[in-house]
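In: One predicted model, sequence on top.
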Amino acid sequence: MNFLFAWRYFKAKKSTNAINIIAWISILAILVGTAALILVLSVFNGFEDLVKSLYSSFYPDIKISPVSGKQLVLTKEQLAKLRAVKGVNQYTLVAQEKALLQNGESQSIVNLKGVDENYVKVSGVADHVVKGNFDLGTADAPLLVLGAGIENAVGVQSDRNISPLTVYMPRKSADVSVSDPLQSISADTVNTSGAFIIQQEFDNNYAFTNLAFMRAMLELPEDTYGGAELSLFPGSDPDVVKEHMQKVLGKDYLIQTRYEQNRSLYAVMRAEKWVIYMILSLILIVAAFNMIGALTMLVLEKKKDISVLHALGADKGLIQKIFLSEGLLLALIGGGVGMLLAFLIALGQIYFKIIPLEGGSFLIDYFPVKLDPMDFLLVAITVLVIALIASYIPARKAGRQQFLLREE
């Protein structure tokens, strides 16, 4: 019944046109605020998914590394036990070290990562090769796959380079000699086979080669590696798999899920989304001031109606509920239309790429959008809560009106 009164008050002609104008302005403000919140959160979801997909191309589902130092021992028996853990699909062994790549006068410090033949089954780096192919060569004839930034830094065309690069890397088993520091450095010549583009953090820092060559350069003992990376079957719980692996390997091995490898990144993205939500909620708070004004004027307009309702038996609580319902009605109209408008615009962006992404240096040329039902629920609750708070003041005023059918 409250909403029936509210709907009649909303449709009824007012003695002052300003009441109608302010009411429609408040609806429009809620509509714009709701649509803006949904669209911005959806675009943020799209960018978040894009960033996560890029990072998932580089970081594995599970990473095993030493708790301290740079090397760990993984025997064939341990690897067999890891492979038997429920949820594990594939594993790859890796070794990584800082290296100097030199091409004549051009040079660059890189993270050189040696991987075995299973790496393409665990990582998506090979899918992002833009020149040449993901060919790492052999121990005797090694090849490099460079990040695009490193390729530019050393001045080569990775897919057609003729002159090999020189790789310098510290020997793990050698002591530094003051008289001849070069004795503690391994050096070899390596050609290139391709280049990849994922994200600047990786493109400017990483180069890949085969594990056998890397182990020889680092002079690693048998069964010694830099770590292991694993992919899981779809639907497997990384935390559960990690727990089982920790029992197999013990406390001397650091086991991290993809989230734990990028904890700070995910934390920042989550914080940014909440900050954006709070900033854009200010639009709805501004709309609430218009609603307060519209409802306050409506209370003054309906003073006689309030007296009649009281004479018919309505108490203060019912009067307050009627005007609270009026505020909720304005919010439902504005919020509902705003959500529908945002949904249609988002669908248009998803299927027709209406709004382009300027600059030309991005992996995509349009604003990515991902619709999340939880965003719609969050915005709907926000609109209703703000509407209730804004409606309470004029509704309370209406409940306190002097109930007189005839004024002197």
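Out: Perfect, I can see it now. Residues are numbered from 1 along each chain as shown.
In: Residue 281 reaches residue 37, doesn't it?
Out: Yes. Under the contact definition of CB atoms under 8 Å, residue 281 touches residue 37, with a separation of 7.1 Å. C-beta coordinates here come from the backbone N, C-alpha and C atoms, glycine included.
In: Please say which of the two ends up with more neighbours.
Out: Set side by side, residue 281 and residue 37 show unequal neighbour counts under other CB atoms under 10 Å, the larger going to residue 37 at 27 against 17.
In: Specify the local secondary structure of that one.
Out: Per DSSP: H, G, I helix; E, B strand; the rest coil, the local secondary structure of residue 37 is helix.
In: for it, what are its contacts?
Out: Applying CB atoms under 8 Å, 6 or more residues apart in numbering, we find residue 37 in contact with 277, 280, 281, 283, 284, 342, 375, 379, 382.
In: now, among those, which is nearest to residue 48?
Out: Minimum distance to residue 48 across the contacts of residue 37 is 11.8 Å, recorded for residue 375 (CB to CB).
In: so what's residue 33 closest to, chain neighbours aside?
Out: Excluding its sequence neighbours, the residue lying closest to residue 33 (CB to CB, 6 or more residues apart in numbering) is residue 283, at 3.5 Å.
In: For the protein, which segments count as helices?
Out: In the chain, helices defined by DSSP state H lie at 2-11, 17-58, 76-84, 119-122, 148-154, 200-203, 211-218, 238-249, 258-261, 263-301, 303-311, 316-352, 373-399, listed in chain order.
In: And the fourth one, what's buried?
Out: Going by neighbour count (16 or more other CB atoms under 10 Å), the buried part of helix 119-122 is 119, 120, 122.
In: same for it, what does it pack against?
Out: Contacting helix 119-122 under the criterion 3 or more CB pairs under 8 Å, 6 or more residues apart in numbering; DSSP states H and E are the following elements: strand 88-103, strand 227-232.
In: just checking, what packs against the longest one?
Out: Translated: strand 88-103. With contacts defined as 3+ CB pairs under 8 Å, 6+ apart, strand 88-103 has these neighbours: helix 76-84, strand 106-115, helix 119-122, helix 148-154, strand 165-170, helix 211-218, strand 224-225, strand 227-232.
In: what residues does the third one touch?
Out: Defining contact as CB under 8 Å, 6+ apart, one finds that helix 119-122 is touched by 60, 89-92, 94, 125-126, 134, 208, 229-231.
In: quick one: average confidence on that helix?
Out: The average pLDDT within helix 119-122 is 96.
In: May I have it exported as CSV, CA atoms only?
Out: Included here for helix 119-122 are C-alpha records, laid out as CSV according to Å, rounded to 0.1, in the frame of the first residue of the first chain:
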residue,chain,number,x,y,z
TYR,A,119,57.8,-25.5,-20.9
VAL,A,120,55.3,-24.9,-23.8
LYS,A,121,52.8,-27.2,-22.0
VAL,A,122,53.0,-25.2,-18.8
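In: so how far is that helix off the chain centroid?
Out: For helix 119-122, the distance between its averaged C-alpha position and the chain's averaged C-alpha position is 24 Å (CA atoms, centre = their mean, to the nearest Å).
In: and what of the fifth one?
Out: Relative to the chain's own centre, strand 165-170 is displaced by 37 Å; criterion: CA atoms, centre = their mean.
In: buried set for it?
Out: Across strand 165-170, burial judged by 16+ other CB under 10 Å covers 165, 167, 168, 169.
In: would TSV of these with distance to residue 394 be doable?
Out: Formatted as TSV, those follow (distance: CB to CB, whole Å):
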residue	distance to residue 394
165	75
167	75
168	76
169	74
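In: Would you check that residue 88 makes contact with residue 229?
Out: No. In this structure residue 88 lies outside contact range of residue 229 using CB under 8 Å: 11.3 Å.
In: Tell me the residues that contact both of the two, please.
Out: Both residue 88 and residue 229 are in contact with residue 62, where contact means CB under 8 Å, 6+ apart.
In: if we can go back for a sec, which residues are in contact with each of residue 281 and residue 37?
Out: Taking CB under 8 Å, 6+ apart as the contact rule, residue 281 and residue 37 both touch residue 382.
In: residues near residue 80, how many?
Out: Residues contacting residue 80 under the criterion other CB under 10 Å number 9.
In: and what of residue 304?
Out: The number of residues packed near residue 304 is 13, by other CB under 10 Å.
In: Which residues are in contact with residue 347?
Out: When contacts are counted by CB under 8 Å, 6+ apart, residue 347 touches residue 371.
In: ok, residue 89 to residue 62 distance?
Out: Using CB to CB, to the nearest Å, residue 89 is found at 10 Å from residue 62.
In: quick one, which of the two is more surrounded?
Out: Neighbour comparison, residue 89 and residue 62: the larger count goes to residue 62, with 27 against 14 (by other CB under 10 Å).
In: Nearest residue to that one in space, please, no chain neighbours.
Out: Looking at residue 62 with CB to CB, 6+ apart, the closest residue is residue 230, at 4.2 Å.
In: Check residue 312 and give its pLDDT.
Out: Here, the pLDDT recorded for residue 312 equals 64.
In: Does residue 106 touch residue 150 like I think?
Out: No. The pair residue 106 and residue 150 does not pass the contact test of CB under 8 Å, sitting 10.5 Å apart.
In: Please identify which of the two sits among more neighbours.
Out: Per other CB under 10 Å, whichever of residue 106 and residue 150 has more neighbours is residue 150, with 28 against 13.
In: Surely the more buried one is in contact with residue 112?
Out: No. At 10.0 Å, residue 150 and residue 112 do not qualify as touching, with contact defined as CB under 8 Å.
In: which neighbours do those two share?
Out: Residues within reach of residue 150 and of residue 112 at once, by CB under 8 Å, 6+ apart, are 101, 207.
In: quick one, what contacts residue 100?
Out: Taking CB under 8 Å, 6+ apart as the criterion, residue 100 is in contact with 107, 108, 109, 110, 167, 168, 169.
In: same question but for residue 342, I mixed them up
Out: Each residue near residue 342 by CB under 8 Å, 6+ apart is listed here: 34, 35, 36, 37, 38, 39, 42.
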